Each structure stands twice: as structure tokens, then as C-alpha cells.
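Visitor: I'd like to go over a predicted model; first the sequence, then the structure.
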Amino acid sequence: MSISGLAQRFAGISKLLVAVVVLLLLAALFLVANKDNKRYVTVDFQQTNSVYKGSDVKVLGVPIGKVDKLTPRGNVVRVRISYDSKYRLPPNVKAVVVSPSIVGDRFVQFAPAYNGGAALKDDAFIPVSRTAVPVELDKIYQSLDDLSVALGPKGANKEGALSNVIDDTAKQLDGQGAQLNETIHNFGKLSTTLSNNKEELFGSLRQVNDFVTLLKTNDATVRNFNDSTAKVSTVLAGERQDLGATLKALSLALVDVNTLVKENRGELKGNISNIAVLAKVLAKHQKDLQEITVDAPTALTNVALAYNGGTGTLDTRADIPEVVFTGLTNPASLVCNLLGETPNSDGLCTTLTGILGSLPPLPRAAVASAGSTAAPDQINTSLSDMLAVN
């Protein structure tokens, strides 16, 4: 196929597409031009007395539409309503038949008004549970007639009981008008107070309900608690005399204590003051007490280990012979120590050192034999033997 043939075919397809688009636009314009700009809703009422085709439909008293059709369907009347599409209704809207006067046509009113958010869809349905109709005048007359018959000579007042009640009430209220007025006024204040505090009142009721629900949920636990309480009460009832005697003795003891405190108030005050002084002293020597508590066990252990149960003495190493005999081997040093001087100081120690230094020292063997002590044959490690006194 040549290029000119392809161009002619595409030109024909383009013309066809343009024609289809034009037809679609014309159809859309036709639909828009014929649209009635209305929304529709279907409502079921128990009855529609004095409501007819063409009756007004209002929101807050403002007309927004009309009743298009009424159709009886069993125990309800189905009403077809149309309203201007510029108005919106809430999804939970209710429909009420309003009677502006005893005689005259009625109208349908939607409530509550739309305040934003989701809106009722077109062709929605409102069931009879969300509708209300006014009480008819003949029903009111019938109710009054039934009441008069019930209270009349063939009813409650057949034997004059109602007349007697009215007479007695009149006698009781005679001269009590001011008190009755004040009572009614106070009752009005009570109603106002309850109305202003309804949130708190119902909140308390909800809390009571939660408490009752909790008790119901824990019924077994509550029963066990009641049984235990009953057992305790039984035990206390059996020990009532003992408890009474105990309480009586306690009361007498408290009286004696009170008397003792009154008679010895000065001594108690002095003792408390002394205790306070002692506490202050102990607080000042807190560190010393801590050191004693740490070191005392070790010291007592050393004393116990040093005690010789066989001789009843404390075995200690005084080294007295060694000190004495060591001084004999070096008399100059012993004299200087006794004088509190050093051998190199200028004084009596230096003079005596020169004199004593010329003396020959004692042999160390003799000093060792004189200062030695016999070692015990066996060390007693038994604590009971060390503490035993022969």
C-alpha cells in the first residue's frame, strides 16, 4: 500500500473519532440540561394524617422540598420526598410530621440540621424507628373520656372513695397554701440542682454500676471473704468474755501507767535528759565506737589464745630478761637510755660511756642462758581448755 493510501485511511479514522467525541459531548450537555437538581429520600411513617402530595418539607422551619408521593405499605405509609440538592442532611437525620395548628395541613420536618461532615446520600431510606407523628386530637379526647369514666361514679368513685380523698385533701391543705408553695418552690430548686449536676450524678451511678459489676465478676471471692468474716465473727463471739477481760485489764494498766507517769514526771524528765546527753556523747564518739566494734573481736580472740588453762595465766612475751641482760652486755647504752640521752650527746651520758666502756662485757652465753625460758611442750588450742580455771 502506498503512503498516500495510508494517509487517506488515517484521515478517515480521525474524522470518525471527531464525530464520536462530538456526539458524547452533546449527550452530556443533554443530560446536564435535563437534570432537575434535586435529591430524593424515602421515609416510612406510622400514619400521615393531613399530609398530602405537595406538602412542604422543612429544616428548622425553612422549606427545602416537597412530598412527591404517599404509598400505604401494611402498617406504615411510605412517603417519597424530594428536596433541593443545594441542601445537605446528616446521615442520622430523623423525620417528624409537624402540626402547626389543630386544624390545617401538616408538614414534614427533618432534624437535626446539617453541621458539616458526611451527608445523607441521594435516594436514602429512613425507617419508621427514626420518624415521629403527632398525637391525634380524637385520641386525646378518647383518653380524657377514659379517664373520666375510670374516675366517675361507675369507676374509682363508685363508693365515694375519690370524693372522700378530695375532701380529706382539701381539709389537710386548708391554710397550708404558703407551705405548699414553698415546698413546690424548693422542689423546683432540687430539680434544677439535679439538672445542673446530671453529669456528676450519672457518673456516680456509672461508678456504682462498675462496682456492682466487679462484685458480680468476683462473686466467688466475695463469698469466700464473707464466709471468712463470718468465721472470725464466730471466733470473736466465742472469745467475747476473754476479750472483755483483756480490754478491762488493759484499761486498768493504762490508768496505772498514767498515774505512774504523773507521779514520776520529774524523774522521767531527768532520765530522758540524761539519755539525751548520753546519746550526744555517743554521737561524738561514733568513729571510736566503730573502731571498737571492728577491733574488739580481734583483741578478745588474742586474749583467749593467750590464756593458759593449765596454769591459769596469760602467756605473754614481756622480754624483760632480754632487756635486762642485754643492758648488762652493753651497760653504756642502758645508762644512756635511762638518762634519756644519746651516746653522742655532750653530757653525763658521754662521761659515763667513757667510764663504762672500759669495763669488760658479760659473756653472751651466760646472758642467753639467764634470759631464756623453757618452751611449752604442747600448745593448747582448745578454747574451752584455755578458758578453764584450775
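Guide: That came in fine, so what should we check first?

Visitor: where along the stretch 101-250 of the chain do the strands fall?
Guide: Shown for the stretch 101-250 of the chain, the strands assigned by DSSP state E, counting those that start in this stretch span residues 107-111, 124-126, 131-132.

Visitor: if you compare those, which one is most tucked away?
Guide: Stretch with highest mean neighbour count among the strands of the stretch 101-250 of the chain: strand 107-111 (a mean of 20; mean count of other CB atoms under 10 Å). For every residue, glycine as well, the C-beta is placed using N, CA and C.

Visitor: Note down every partner strand of that strand and its orientation.
Guide: strand 56-59 (parallel), strand 94-98 (antiparallel) (DSSP bridges).

Visitor: Could you tell me what pLDDT the model assigned to the residue positioned nearest the centre of the chain?
Guide: The centroid of the chain falls nearest to residue 207 when counting by CA atoms, centre = their mean (14.2 Å). For residue 207, the pLDDT comes out at 90.

Visitor: The one 4 residues further on now?
Guide: Residue 211 is assigned 90 on the pLDDT scale.

Visitor: count of residues packed around it?
Guide: Applying other CB atoms under 10 Å, we find 10 residues neighbouring residue 211.

Visitor: Please enumerate the helices of the stretch 51-200 of the chain.
Guide: Per DSSP state H, counting those that start in this stretch, the stretch 51-200 of the chain carries helices over the ranges 137-151, 161-173, 177-196, 198-217.

Visitor: Tell me which of the ones you listed lies nearest to residue 300.
Guide: For residue 300, the closest of the helices of the stretch 51-200 of the chain is helix 198-217, at 62.9 Å, according to CB to CB.

Visitor: As CSV, could you dump the C-alpha coordinates of the closest one?
Guide: Taking Å, rounded to 0.1, in the frame of the first residue of the first chain, the C-alpha atoms of helix 198-217 are listed here in CSV:
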residue,chain,number,x,y,z
LYS,A,198,-26.6,15.4,86.0
GLU,A,199,-23.1,14.6,84.7
GLU,A,200,-21.8,14.0,88.3
LEU,A,201,-25.0,12.2,89.3
PHE,A,202,-24.8,9.8,86.3
GLY,A,203,-21.1,9.5,86.8
SER,A,204,-21.7,8.3,90.3
LEU,A,205,-24.3,5.9,89.1
ARG,A,206,-21.9,4.6,86.5
GLN,A,207,-19.3,4.0,89.2
VAL,A,208,-21.8,2.2,91.3
ASN,A,209,-22.7,0.1,88.3
ASP,A,210,-19.0,-0.7,87.7
PHE,A,211,-18.6,-1.6,91.4
VAL,A,212,-21.7,-3.9,91.2
THR,A,213,-20.3,-5.5,88.0
LEU,A,214,-16.9,-6.0,89.8
LEU,A,215,-18.7,-7.7,92.7
LYS,A,216,-20.6,-9.9,90.2
THR,A,217,-17.4,-10.8,88.4
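
Visitor: State the mean pLDDT of stretch 137-145.
Guide: On average, stretch 137-145 scores 81.

Visitor: so what are the domain limits for this structure?
Guide: 34-138, 169-217, 218-284, 285-390 (automatic domain parsing).

Visitor: which intervals of the stretch 151-300 of the chain have sub-threshold pLDDT?
Guide: 158 (pLDDT under 70).

Visitor: Which residues are in contact with residue 63?
Guide: Contact analysis of residue 63 by CB atoms under 8 Å, 6 or more residues apart in numbering lists 56, 57.

Visitor: my guess is residue 130 meets residue 96, correct?
Guide: No: look at residue 130 against residue 96 with CB atoms under 8 Å: they stay out of range, at 9.6 Å.

Visitor: Export the strands paired with strand 107-111 as TSV, with columns for mean pLDDT.
Guide: Shown next, in TSV, are these (pLDDT from 0 to 100):
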stretch	mean pLDDT
strand 56-59	93
strand 94-98	93
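
Visitor: Quick check: which of those is nearest to residue 143?
Guide: Going by CB to CB, the one of the strands paired with strand 107-111 nearest residue 143 is strand 94-98, 19.6 Å.

Visitor: Run through who's touching the closest one.
Guide: With contact meaning CB under 8 Å, 6+ apart, strand 94-98 is reached by 43, 45, 48, 51, 58, 106-112, 126, 130-134.

Visitor: Nearest residue to residue 313 in space, please, no chain neighbours.
Guide: residue 307 (7.8 Å; CB to CB, 6 or more residues apart in numbering).

Visitor: do residue 132 as well
Guide: residue 96 (4.7 Å).

Visitor: tell me which residues of stretch 59-79 are tucked away?
Guide: 59, 64, 65, 66, 67, 76, 77, 78, 79 (16 or more other CB atoms under 10 Å).

Visitor: Centre of the chain to stretch 13-21, how far?
Guide: 76 Å (CA atoms, centre = their mean, to the nearest Å).

Visitor: Tabulate the CA atom coordinates of that stretch in CSV.
Guide: The C-alpha coordinates for stretch 13-21 follow below in CSV (Å, rounded to 0.1, in the frame of the first residue of the first chain):
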residue,chain,number,x,y,z
ILE,A,13,-10.3,7.4,11.1
SER,A,14,-9.6,10.8,12.5
LYS,A,15,-12.9,12.1,11.2
LEU,A,16,-14.8,9.2,12.8
LEU,A,17,-13.1,9.9,16.2
VAL,A,18,-14.0,13.5,16.0
ALA,A,19,-17.7,12.6,15.3
VAL,A,20,-17.8,10.2,18.3
VAL,A,21,-16.4,12.9,20.6
